[in-house]
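Student: coordinates for the following, if possible.
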Amino acid sequence: MSEFEQVQDEEIEALTAVYPDTLTYNPTPGGKEIKLDISIELEHERKFELVSSIAADTSSPGAGPSHAHAHSADSIPTTLTHIPPLLITVLFPPTYPHTKPVIQNISARHAWLAPALVRKLAIRLDEMWTPEEGVLWQWVEFVRSGTFLESTLHLAHPSPKTLLSYLITHQTTAKQAQFSAQTYTCGICLSTQRGSKCIQIDCANAHVFCLECLKEFWGMCVGEGEVTKVACPGVECVKAKSDAGDVGEDIIRRVLTDEQVARWKWLRIKHAAEKGGTGWTDPNAVPCPVRMCQAPVPRPRTAAEDESGWSRLRTCDACGFAFCVACKRTWHGPVSRCAITRTREFVEAYVSLPEGDPRRRALEGQYGRKVLERMAQEYREEKENEVWLKERTTACPRCETRVEKSEGCNHMT
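Tutor: Numbering: from 1, shown residues only. Model (predicted):
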């Protein structure tokens, strides 16, 4: 093995020891072909403008999209800290590091880096080489830091929305991998755990807890109906009385079972209804009759003017259940009448209240004035029929059918 080959192998081993997934190489007749897969991790969030590559083609070469294009209605602004990796192929000549390495290709995964910036980066990497000294480490650190990027980078792509999806997915995956590789102290049991066994709450203090502690604590809260406690259990957040809304459903689903998540969602809706929260600020809303749903169902805008039977129809957005607002049963169509036993209670209350009473107006707001007037009329007719039947007819002792005697004796067979 020559002295040059020994230096090359030592440089490769040193870089691989720190970044094991970054470097691969193959011996070739012309030297060692090095492939660098370098992810970019910015120290601070950087602004990016995603524009259509069609617009970018009309701007001056090497400058990226023009200022007008970068801030056009078609541009998509975003901020990133983790950017998809650059793939750099380098050839070590047999006499490297005495001889300059040859950069054969630079490409960006998902094609986020414009060709003009690729050329600038290649020139900058060439300038960093010093005879008799290894350069791979400098290159990797330079690219990883993202210092070669402009303060606000304009990324040109045929489909900016598609590129944005790639960038966000990569950033989420990279952050999760970074979190999983580190160790944290659980804020509940105070034990040290790997990030892969922990959950970081999206709160002001970014508290971290081990998965098992959160499963036990949140599971107990859901089981006991304490929905407001399904939040960050950190001391600072508890003192600040953080609401359960501070924890996103995606985190809840990573901790609780599907059955517990369903109960948690139902408890939140129930809690909001009891405190007059979101969805129940509308006094005309009625609760969904499905016991495990109970979501607020507002009155359609056209229901107030609609005098047909369709004004009684309500459809729950949460579970999709279609029901009659009057009898709370499955929707029975605009023509069929509601079962009087189901509507008697609130119709009797409506009939007994005087005109102008706030409680009467509240009922009209929930069920519709036209609907209630029609049901009140039907109720009065039904009551008159009951009185007439009671006075003039007798119930059959077997089938209880009401019959009226027109002639004959009192004996029935």
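Student: ranges for the strands of the stretch 101-250 of the chain?
Tutor: Counting by DSSP state E, counting those that start in this stretch, the stretch 101-250 of the chain has strands at residues 102-108, 152-157, 183-185, 192-194, 198-200, 208-210.
Student: next, the angle from the first one to strand 152-157.
Tutor: Right, strand 102-108. Inter-element angle recorded for strand 102-108 and strand 152-157: 80 degrees (by axes from the mean of the first three to the mean of the last three CA atoms, to 10 degrees).
Student: hang on, the earlier thing: lowest average confidence across the strands of the stretch 101-250 of the chain, which one?
Tutor: Mean pLDDT is lowest for strand 152-157 among the strands of the stretch 101-250 of the chain, at a mean of 76.
Student: packing partners of that one?
Tutor: strand 31-52, helix 53-56, helix 67-70 (3 or more CB pairs under 8 Å, 6 or more residues apart in numbering; DSSP states H and E). Bear in mind the C-beta positions are built from the backbone N, C-alpha and C, glycine included.
Student: the same query, at a cut-off of 7 Å, please.
Tutor: Applying 3 or more CB pairs under 7 Å, 6 or more residues apart in numbering; DSSP states H and E, we find strand 152-157 packed against strand 31-52, helix 53-56.
Student: pull out the buried residues from that strand.
Tutor: 153-157 (16 or more other CB atoms under 10 Å).
Student: just stretch 175-189 next, same as before
Tutor: Result for stretch 175-189 [16+ other CB under 10 Å]: buried residues 179, 184, 186-187.
Student: what are the contacting residues of that stretch?
Tutor: Stretch 175-189 is contacted from outside by 82, 192-196, 198, 200, 207-210, 213, 217, 233-234, using CB atoms under 7 Å, 6 or more residues apart in numbering.
Student: go with 6 Å
Tutor: For stretch 175-189, contacts defined as CB atoms under 6 Å, 6 or more residues apart in numbering pick out 192-196, 198, 207-210, 213, 234.
Student: got the strands of the stretch 101-250 of the chain as TSV, with distance to Gln366 columns?
Tutor: Shown next, in TSV, are these (distance: least, CB to CB, whole Å):
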stretch	distance to Gln366
strand 102-108	59
strand 152-157	52
strand 183-185	50
strand 192-194	51
strand 198-200	42
strand 208-210	43
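Student: ok, now which ones touch Pro233?
Tutor: Counting by CB under 6 Å, 6+ apart, Pro233 has contacts Phe217.
Student: apply 10 Å and report the result again.
Tutor: By CB atoms under 10 Å, 6 or more residues apart in numbering, the contact set of Pro233 is 187-188, 201, 207, 209, 213-214, 217-218, 221, 242.
Student: generate a PyMOL selection restricted to the buried subset of those residues.
Tutor: A single PyMOL command selects the buried members of those (16+ other CB under 10 Å):
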select buried, resi 187+201+207+209+213+214+217+218+221+242
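Student: so Ser262 sits against Met292, correct?
Tutor: Just so we're on the same page, residue 262 is Ala rather than Ser. Yes - assessed by CB atoms under 10 Å, Ala262 is found in contact with Met292 at 7.2 Å.
Student: nearest residue to Leu313 other than its sequence neighbours?
Tutor: Trp331 (5.8 Å; CB to CB, 6 or more residues apart in numbering).
Student: that neighbour contacts Pro289, correct?
Tutor: No - Trp331 is not in contact with Pro289 according to CB under 10 Å; the separation is 11.1 Å.
Student: who touches both of those two?
Tutor: Joint contacts of Trp331 and Pro289 (CB under 10 Å, 6+ apart) are 314, 321, 323-325.
Student: now these in CSV, with secondary structure, neighbour count and pLDDT?
Tutor: Shown next, in CSV, are the shared contacts of Trp331 and Pro289 (DSSP: H, G, I helix; E, B strand; the rest coil; neighbours: other CB atoms under 10 Å; pLDDT from 0 to 100):
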residue, secondary structure, neighbour count, pLDDT
Arg314, strand, 23, 89
Phe321, coil, 17, 89
Phe323, strand, 21, 90
Cys324, strand, 23, 88
Val325, coil, 21, 85
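Student: what is the nearest of these to Lys32?
Tutor: Checking the shared contacts of Trp331 and Pro289 against Lys32 with CB to CB, the nearest one is Phe321 at 67.5 Å.
Student: how about the closest one, phi and psi?
Tutor: phi -70, psi 130 (degrees, to the nearest 10).
Student: list the contacts for the closest residue to it other than its chain neighbours?
Tutor: In this structure, Phe321 finds its nearest non-sequential neighbour in Val290, 5.1 Å apart by CB to CB, 6+ apart. Counting by CB under 10 Å, 6+ apart, Val290 touches 266, 316, 318-321, 323, 328.
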